[in-house]
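> Build the 3D model from these lines:
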Amino acid sequence: MSPRNDNRPAGTRKRRGGATDSGNGASSGTPSVAARVLPHSVEAEEGLLACCILDGGDILSRCMEARLTSEAFYVPAHQVLFEALMEINERRAAVDEIILAEELKNRGQFEEIGGFPAINRITDRVETTAHAGHFLEIVREKYLLRRLIRTSTGTVERCFGFDGGLENFLEEVEQEIFKISEDRISDASKPIKESVREAYTLVQKLLERRGELSGITSGFIDLDKMTNGFHAQEMIVVAARPSMGKTSLALNMAEAVVIPKKDRKPVPTLIFSLEMSSQQLAMRMMCGLARVSLVRLRDGISSADEKQALLRAADELSKAPLWIDDSGHLTILELRAKARRLSAQRNLGLIIVDYLQLISGLDNSVQREQQIAEISRGLKAMAKELNVPVIVLGQLNRESERERRQPRLSDLRESGAIEQDADVVLLLARPKDAPDDSSVASDRVDLIVAKQRNGPVGGIKLTFIKEITRFENFTSQPD
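Residues are numbered from 1 along each chain as shown. The predicted structure follows:
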């Protein structure tokens with residue numbers, strides 16, 4: 001039989017009695033990886049295959065839900081059997097020993113797996129499918145362990161041959177481990193009574209708070225009234241044309257949650273800045289908080305009061321639970337791995353990504369629209385996995401400018417998937433009555449709540465103070 005999809009290190013060969021031989025000879029003491037049998041359970045594999053034959057539809061569906069492939073089986077004959085069962089299931093045909101045998105004959109693999117004696121031996125393993133879940137978990141666990149061993153062994157070999165670029169090397173290793181971790185899924189389905197209990201608990205909290213925010217503040221009163229704050233697992237998209245102030249708005253939102261207030265504790269926040277450096281963002285936040293003109297600073301002009309205000313702002317920001325990652329050319333997997341790592345260490349409450357279209361695609365051979373769709377799904381999945389709101393900045397296309405109108409959802413650039421994945425979409429725009437040559441430098445800016453899954457849509461007004469590149473609650477006369 002050909003060793004198809006065999007999960008054993010290259011160079012090993014099976015010996016009688018179940019041991020493996022590396023071909024290089026085992027050294028004294030602890031045997032090498034190649035000298036040991038990789039984790040597997042023939043009994044669990046046979047038990048799972050038997051359950052698939054007895055009740056193909058249900059059990060095979062559970063295998064698909066667990067992302068089980070033929071490679072998860074250690075024994076090559078079991079791989080062949082599982083592939084044949086999946087092929088039958090895809091045709092929505094019933095499964096039994098006879099149909100399975102015919103499928104294997106058509107594929108030219110019937111004698112390869114041992115014929116009817118092999119199939120009968122497997123089906124005789126169980127009388128009921130009651131333990132199918134147990135068999136499935138064992139097969140999946142052993143498979144993940146084998147993948148981890150191969151990855152770890154390969155990492156050790158690469159360490160011995162390391163020739164520079166440690167950061168990239170560590171990122172590649174982490175990504176390989178993450179790919180294995182992604183296959184660790186659990187049953188997310190739960191009885192409705194649990195969901196009702198959780199929903200009723202939330203209702204009680206809302207009633208106790210009597211109108212207080214149920215999520216974290218955006219820093220803008222009118223926006224908080226419409227959204228009741230940003231909530232865990234939400235993906236909030238803030239989109240605008242270039243130079244409309246997306247980054248400034250996001251930094252103002254970050255400032256509102258990381259600087260402690262009398263009635264609010266600071267919320268640990270992570271910003272991914274793919275466009276600007278961490279130093280530039282820190283300078284913007286410091287000047288905005290101190291209400292000092294960045295232009296005046298660049299010209300070397302500042303008063304004694306401004307210097308004191310900058311010092312106080314620098315002190316406040318230094319104590320804030322805020323992290324900025326200004327890495328360039330991040331993929332969605334790398335971004336999620338970084339967020340997951342910091343969240344485990346610091347218990348993050350908010351993530352900001354500036355901006356979506358700058359995240360690198362995983363496969364450059366596919367169209368950019370498909371890449372953006374994959375990135376958008378990854379950001380939404382990150383919000384759910386880490387149980388935090390994720391604010392994502394994005395670009396709008398030129399249609400609103402060409403048609404001399406305010407932007408709408410369909411203007412989101414490069415992919416309709418962003419519109420589908422987002423829970424809240426905020427669009428920055430010039431006021432309808434603004435002159436043609438005006439920009440975000442005008443006193444008033446419209447923030448359009450174009451989509452909100454759990455609330456109303458509509459527009460609110462914000463005040464933009466050009467000198468300190470800062471958005472504030474709307475007033476007719478900015479400070």
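> which regions of the chain sit below the pLDDT cut-off?
1-35, 56-57, 92-93, 181-190, 202, 205-212, 413-415, 433-442, 476-479 (pLDDT under 70).
> Pop out the phi and psi values for Val366.
Main-chain dihedrals, Val366, degrees, to the nearest 10: phi -90, psi 160.
> before we move on, what about Leu447?
phi -110, psi 110.
> quick one: it and Ile88, what's the gap?
In this view, Leu447 and Ile88 are 55 Å apart by Cβ to Cβ, to the nearest Å. Quick note: C-beta positions are derived from backbone N, CA and C, even for glycine.
> More neighbours: which of the two?
The residue with more neighbours, out of Leu447 and Ile88, is Leu447; 24 against 21, by other Cβ atoms under 10 Å.
> got a list of what that one touches?
Counting by Cβ atoms under 8 Å, 6 or more residues apart in numbering, Leu447 touches Phe220, Leu223, Leu249, Leu426, Leu427, Leu428, Ala429, Gly459, Ile460, Lys461, Leu462.
> how far does stretch 283-301 sit from the chain's center?
35 Å (Cα atoms, centre = their mean, to the nearest Å).
> What residues of it count as buried?
Buried residues in stretch 283-301, counted by 16 or more other Cβ atoms under 10 Å: Arg284, Met285, Met286, Cys287, Gly288, Leu289, Ala290, Val292, Ser293, Leu294, Leu297.
> Looking at these, which are in helices?
Among these, the members falling in helices are Arg284, Met285, Met286, Cys287, Gly288, Leu289, Ala290, Leu294, Leu297 (criterion: DSSP state H).
> Make a markdown table out of the residues you listed and add distance to Val390.
Listed next are these as a markdown table, based on distance: Cβ to Cβ, whole Å:
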| residue | distance to Val390 |
| --- | --- |
| Arg284 | 21 |
| Met285 | 20 |
| Met286 | 25 |
| Cys287 | 26 |
| Gly288 | 22 |
| Leu289 | 24 |
| Ala290 | 28 |
| Leu294 | 28 |
| Leu297 | 32 |
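> Closest one of these to Lys142?
Nearest to Lys142, judged by Cβ to Cβ, of these is Met285 at 50.0 Å.
> where do the helices sit along the stretch 151-300 of the chain?
For the stretch 151-300 of the chain, the helices defined by DSSP state H, counting those that start in this stretch occupy 166-182, 192-209, 221-227, 246-258, 278-290, 294-298.
> could you dump the ones you listed to JSON lines with distance to Lys451?
Formatted as JSON lines, the helices of the stretch 151-300 of the chain follow (distance: least, Cβ to Cβ, whole Å):
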{"stretch": "helix 166-182", "distance to Lys451": "29"}
{"stretch": "helix 192-209", "distance to Lys451": "22"}
{"stretch": "helix 221-227", "distance to Lys451": "11"}
{"stretch": "helix 246-258", "distance to Lys451": "17"}
{"stretch": "helix 278-290", "distance to Lys451": "27"}
{"stretch": "helix 294-298", "distance to Lys451": "33"}
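> Minimum distance to Leu330: which of those has it?
Comparing those under Cβ to Cβ, the one sitting nearest is helix 166-182, at 9.8 Å.
> what's the closest one packed up against?
Packing partners of helix 166-182 (3 or more Cβ pairs under 8 Å, 6 or more residues apart in numbering; DSSP states H and E): helix 132-160, helix 332-346.
> So which of those is nearest Ile99?
helix 132-160 (19.2 Å).
> Buried residues of that closest one, list them for me.
Buried-residue list, helix 132-160, by 16+ other Cβ under 10 Å: 132, 135-136, 138-140, 142-144, 146-147, 149-150.
> chain center to it: distance?
With Cα atoms, centre = their mean, you get 22 Å for helix 132-160.
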